[in-house]
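Enquirer: coordinates only, sequence not included:
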């Protein structure tokens, strides 16, 4: 007999003490209202604030696993370790969800993404480029650069069903992630910075998976503290990544 399907929610976190409590409360409320079995995996990437202590405190009231990096290693290593932990703990029917830990990704979208997996998708992205999506509080320059990058990626590496290549709010059928992990090993996530989200999609692209998207309401206006993304550096690294992948490197 198969066990009940669970949602494994991976949260890469670096200095998110200001934002993590609201996000974890939102996850708990959403999952309990949905009646879903779930587990939160917080990967603390060497935070200098109380991120790890807050996660440990929430572990008393919700199912939470804390993975800690002794020093900051970057988003790529943090996502890699979160996905590895999720795959170690997941059953065959589970779904892995990745989210930003800064409370800009509203947990209420998780049931809709899970439903899309149930409808036949292998990967579901919370997209800024679908009817009904809204972006609140994102600076205009960043929105323009993100939109331009999206057009470039769709032209160079088209993936049916995908318009948003960079959003980290995603749901994966665990079987799809396991196939990718078997093919790429530790190289599944081997980019250090924010471009790792693009690279994961490019590596999933040849696996014959079914991709889909649901519109997101991105609440950047709820984020406390400064953004950790350096837009210019991320754009440069992403362009270099696309060039290397285009050349087959």
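Expert: Received, thanks. What you see is a predicted model, and the numbers here were worked out from it, not measured in a lab. Residues are numbered from 1 along each chain as shown.
Enquirer: Which parts of this protein are helices?
Expert: 20-34, 51-58, 75-89, 110-118, 140-156, 174-184, 196-204, 231-246 (DSSP state H).
Enquirer: Which of those sits closest to residue 168?
Expert: Residue 168 sits nearest to helix 196-204 of all those, at 5.1 Å, using CB to CB. (Glycine included, C-beta is placed from N, CA and C.)
Enquirer: pLDDT (mean, whole number) over the closest one?
Expert: Mean pLDDT, helix 196-204: 90.
Enquirer: What residues sit buried inside it?
Expert: Using 16 or more other CB atoms under 10 Å as the test for burial, helix 196-204 gives 196-204.
Enquirer: Same check on stretch 108-122?
Expert: Neighbour count says stretch 108-122 has 109-111, 113-114, 116-117, 121-122 buried, by 16+ other CB under 10 Å.
Enquirer: one step back: out of the helices of the chain, nearest to residue 10?
Expert: Nearest of the helices of the chain (CB to CB): helix 75-89, 3.7 Å.
Enquirer: Tell me how far the closest one lies from the chain's centre.
Expert: How far helix 75-89 lies from its chain's middle: 11 Å, per CA atoms, centre = their mean, to the nearest Å.
Enquirer: Residue numbering should commence at 29 henceforth.
Expert: Got it, first residue is 29 now, which makes that one helix 103-117.
Enquirer: quick one, that helix and helix 224-232 angle?
Expert: Helix 103-117 runs at 50 degrees relative to helix 224-232, counting by axes from the mean of the first three to the mean of the last three CA atoms, to 10 degrees.
Enquirer: where in this protein is pLDDT low?
Expert: 29-30, 253-267, 269-270, 274-277 (pLDDT under 70).
Enquirer: now with 80?
Expert: 29-31, 167-178, 219-222, 252-277 (pLDDT under 80).
Enquirer: thinking again about what came up before, reformat the buried residues of helix 224-232 into a markdown table and put distance to residue 131 next to each item.
Expert: Putting the buried residues of helix 224-232 into a markdown table (distance: CB to CB, whole Å) gives the following:
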| residue | distance to residue 131 |
| --- | --- |
| 224 | 21 |
| 225 | 18 |
| 226 | 23 |
| 227 | 25 |
| 228 | 22 |
| 229 | 24 |
| 230 | 28 |
| 231 | 28 |
| 232 | 27 |
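Enquirer: Kind regards, and thank you for your time.
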